[in-house]
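Student: I'd like to go over a predicted model; first the sequence, then the structure.
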Amino acid sequence: EPKHGSYVIAIDLAGFEEVSKNAGASKKRLDETAIAIVKIEDNGDWWVQKIEHGRWDIMKTAVNILKAVREYKPIATGIERGALKNAVLPYLSDLQRKNNIYTHIQDLTHGNRRKVDRVVWSLQGRMEHGRISFNEKEDWKELYDQLTMFPTAGVHDDLVDALSYIDQLAISN
């Protein structure tokens, strides 16, 4: 982990329905919520601590966001703007008050750009120039699979999407 820098957290929400291991194939293809936790170094490089992901109910999603905020004390937390953010925000706000742990939530937007353009803009150049590094203690197989398959239709890209949103938090801080 780099000594200097600040954490930011970007969240790409999915629907709020837990999916059991015994669920049918159609349920297993549902998007997952992804919580990207990244340290922005003083020189602008990114060090990816981890990306929590799963298909959780609304309360578990809020709890997982709060746990990340408590552990990493981000200078910015961003959630993709929309109905899912509006749904989780009351639960998250209530948890923040009950636990006396606060973070300012910023809107993350796709900026009227296609996902492919947004992801390429935020990640490709940084990766090509070695400006994104990854925590060696984490298993990055899922992210690697999503990156190599991107932008294949019908294939998950939740982790890639959350990581690409870091760009908006890195610029604004």
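Tutor: Alright, I've got the coordinates.
Student: Which strands or helices does the one helix or strand residue 49 maps to pack on?
Tutor: Per DSSP states H and E, residue 49 falls inside strand 46-54. When contacts are defined as 3 or more CB pairs under 8 Å, 6 or more residues apart in numbering; DSSP states H and E, strand 46-54 sits against strand 33-40, helix 58-72, strand 132-134, helix 158-172. C-beta coordinates here come from the backbone N, C-alpha and C atoms, glycine included.
Student: Okay, now the sheet partners of it, with direction.
Tutor: Neighbouring strands of strand 46-54 in its sheet, by DSSP bridges, are strand 33-40 (antiparallel), strand 132-134 (parallel).
Student: low-confidence ranges in the protein?
Tutor: By pLDDT under 70, the low-scoring segments of the chain are 18-29, 172-173.
Student: Let me have the helices and strands packed on strand 46-54 in TSV, adding distance to residue 8 and mean neighbour count as columns.
Tutor: Shown next, in TSV, are the helices and strands packed on strand 46-54 (distance: least, CB to CB, whole Å; neighbours: other CB atoms under 10 Å):
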stretch	distance to residue 8	mean neighbour count
strand 33-40	6	25
helix 58-72	9	18
strand 132-134	13	16
helix 158-172	4	22
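Student: so which of the ones you listed gets nearest residue 123?
Tutor: helix 158-172 (5.5 Å; CB to CB).
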